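Trainee: Quick one: sequence plus predicted model below, questions after.
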Amino acid sequence: MTAAGKITEVKNGRICIIDPDDTLFQSINGALKSMGYETTSAKTGLEGLERIRHSFYELIIVAAAMPDMNVAEFLRNMREVQHDVNIPSSFVIITGNDERREGSREALKMGAGDYITKPFVIERVIDTVEYTFKLIRSEKIRQGYSKELAATQDTVKTLRDELTRSQQLTSTARLVSYMGHTLRNPLTTVKNVAYIFNRMTRKELVDQKLFFAFTALLSTGVEAANSVLTDLLGFADHITLPVTSAIDLSQLIDDACTDVPETKTIKILKHIDAQCKEVLVDREKMKTVFINLINHMLLPANKAAQLTFHAVKTATLLHISISDNGTGVDATDLVNIFEPRFDTATKGVGLELPLARGIVELHNGNIQAESTMGKGSKFVITLPV
């Protein structure tokens, strides 16, 4: 590298030897050059730092004793210089006699890779240099793989985000489509009654029995449309970012059960791990999740007489399950259980389960449904902690 920030290629690598005594440099310079290395030398720490400022060296061999600074000071200054001129960190080997080794301990803790003891055995020095460059090349390969892996992970994340957006758009499109179909029925009723009223004669209009029959149809249509819109607005109100706080999961489940009158006529079992005394969730939103799941499991058609809650908290995840002993759900229906649908039992649009899934996903969690015909169903919630 001839100027700060510009690195040029050398066959094997660059080495800078910093030592007031140039014996080492003179001893190994020829051998290293013949092996394809580019070498240079400096006699003081400041001179060495100046060379490092203007050229990149993969390996710095520095004496433990220099006239202007100790080796730990040199290492700190070197890191600052390389950071300032935006060049990679160099691998460092310290040289010195046995008495200097203890004084170099701080530099070794700071990242110096080795200590070569004087007097030098030239073959050992050469072997150490060769071994060091093998480590450097291995690290370059590892960093290359790490960059490729990071790029791959970024690509995967981008694709996952795009898939999530696509799924959200698809779910929204299905919801809008279903809402349109669901609203069309009561609105068609209202339209037809209005048309009939316009066509009725004065005599027919004063016929109270006929009049009340048609107004009843109007009322039914309006109520059905209002129910659809109420469900939709409730869905929209809950799909906002959660505000988490530490709550007692067992108490939250009790509160949810209290808000569902049907739970008074069935058996409730709880197996809540002691570590679930404090979990970070949005209390009201998660309560809505439990209420919606309980309401679904206690529909008359399911014939459930018992609900069982399990919760276990690990270092990274919170696992919650709710199971019943009802009639179960057919496999074909289970696939679409979280999709909006018209519920004949509640006369609503059937947004309780889609809403439960939406809230769980806003907590960066997931929810799954399992069921066996004749044995019952289970919802499994997994949340990060």
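Mentor: Good, I have the coordinates. Residues are numbered from 1 along each chain as shown.
Trainee: Chain neighbours aside, what residue packs nearest to Thr308?
Mentor: Leu269 (4.4 Å; C-beta to C-beta, 6 or more residues apart in numbering). From N, CA and C alone the C-beta is placed, and that goes for glycine too.
Trainee: For my notes, confirm that neighbour occurs in a helix.
Mentor: No: counting by DSSP: H, G, I helix; E, B strand; the rest coil, Leu269 is not part of a helix but strand.
Trainee: shouldn't it be in contact with Phe309?
Mentor: Yes: counting by C-beta atoms under 8 Å, Leu269 does reach Phe309; the two are 7.0 Å apart.
Trainee: Tell me which of those two has more neighbours.
Mentor: Neighbours were counted for Leu269 and for Phe309 using other C-beta atoms under 10 Å; Phe309 has more, 21 against 10.
Trainee: sec struct for that one, please.
Mentor: Secondary structure for Phe309, judged by three-state DSSP, is strand.
Trainee: Now for it: which residues touch it?
Mentor: Residues near Phe309 by C-beta atoms under 8 Å, 6 or more residues apart in numbering: 253, 268-272, 320-322.
Trainee: And the nearest residue to it once chain neighbours are set aside, how far from Ala256?
Mentor: Take Phe309 and drop its neighbours on the chain: the residue closest to it by C-beta to C-beta, 6+ apart is Lys270, 4.7 Å away. From Lys270 across to Ala256, the span is 12 Å (C-beta to C-beta, to the nearest Å).
Trainee: His271 and Ile381, how far apart?
Mentor: 15 Å.
Trainee: So the two - more neighbours on which side?
Mentor: Each of His271 and Ile381 has its neighbours counted (other C-beta under 10 Å); Ile381 has more, 23 against 11.
Trainee: confidence score at that one?
Mentor: Ile381 carries a pLDDT score of 97 in this model.
Trainee: thought it was touching Glu361?
Mentor: No: the criterion here is C-beta under 8 Å, and Ile381 misses it with Glu361 at 10.6 Å.
Trainee: which neighbours do those two share?
Mentor: Residues touching both Ile381 and Glu361 (C-beta under 8 Å, 6+ apart): Ile367.
Trainee: Which parts of the stretch 151-300 of the chain are strands?
Mentor: All strands of the stretch 151-300 of the chain, identified by DSSP state E, counting those that start in this stretch, fall at 245-247, 267-272, 279-281.
Trainee: Nearest to Asn77 among those strands would be which one?
Mentor: Minimum separation from Asn77 across those (C-beta to C-beta) falls at strand 279-281, 45.6 Å.
Trainee: which parts of that closest one are buried?
Mentor: Buried residues in strand 279-281, counted by 16 or more other C-beta atoms under 10 Å: 279, 281.
Trainee: Could you name the helices and strands sitting against it?
Mentor: Using 3 or more C-beta pairs under 8 Å, 6 or more residues apart in numbering; DSSP states H and E, the elements in contact with strand 279-281 are strand 245-247.
Trainee: So which elements touch the strand it packs on?
Mentor: So strand 245-247, by 3+ C-beta pairs under 8 Å, 6+ apart, packs with strand 279-281, helix 283-297.
Trainee: What's the local residue count around the residue nearest to Gln306 when sequence neighbours are not counted?
Mentor: In space, and not counting its chain neighbours, Gln306 is closest to Lys267: 4.4 Å by C-beta to C-beta, 6+ apart. Neighbours of Lys267 under the rule other C-beta under 10 Å: 11.
Trainee: Going forward, the N-terminal residue is numbered 14.
Mentor: Okay, residue one is now 14; in that scheme the one you just asked about reads as Lys280.
Trainee: Just the pLDDT for Lys280.
Mentor: 94.
Trainee: residues contacting it?
Mentor: 318-320.
Trainee: now do Lys298
Mentor: Counted by C-beta under 8 Å, 6+ apart, Lys298 has contacts 251, 255, 372, 375-376.
Trainee: Neighbour-wise, which one of the contacts of Phe322 leads?
Mentor: Ile333 (27 neighbours).
Trainee: where are the low-confidence patches of this structure?
Mentor: 14-24, 153-162, 164-166, 169, 171-195, 214-219, 240-241, 243-254, 354-363 (pLDDT under 70).
Trainee: coming back round to it: most tightly surrounded among the helices and strands packed on strand 258-260?
Mentor: helix 296-310 (a mean of 22; mean count of other C-beta atoms under 10 Å).
Trainee: now the helices for the chain?
Mentor: For the chain, helices defined by DSSP state H occupy the ranges 36-47, 58-67, 84-97, 111-114, 118-122, 135-212, 215-218, 221-251, 262-271, 296-310, 344-347, 365-375.
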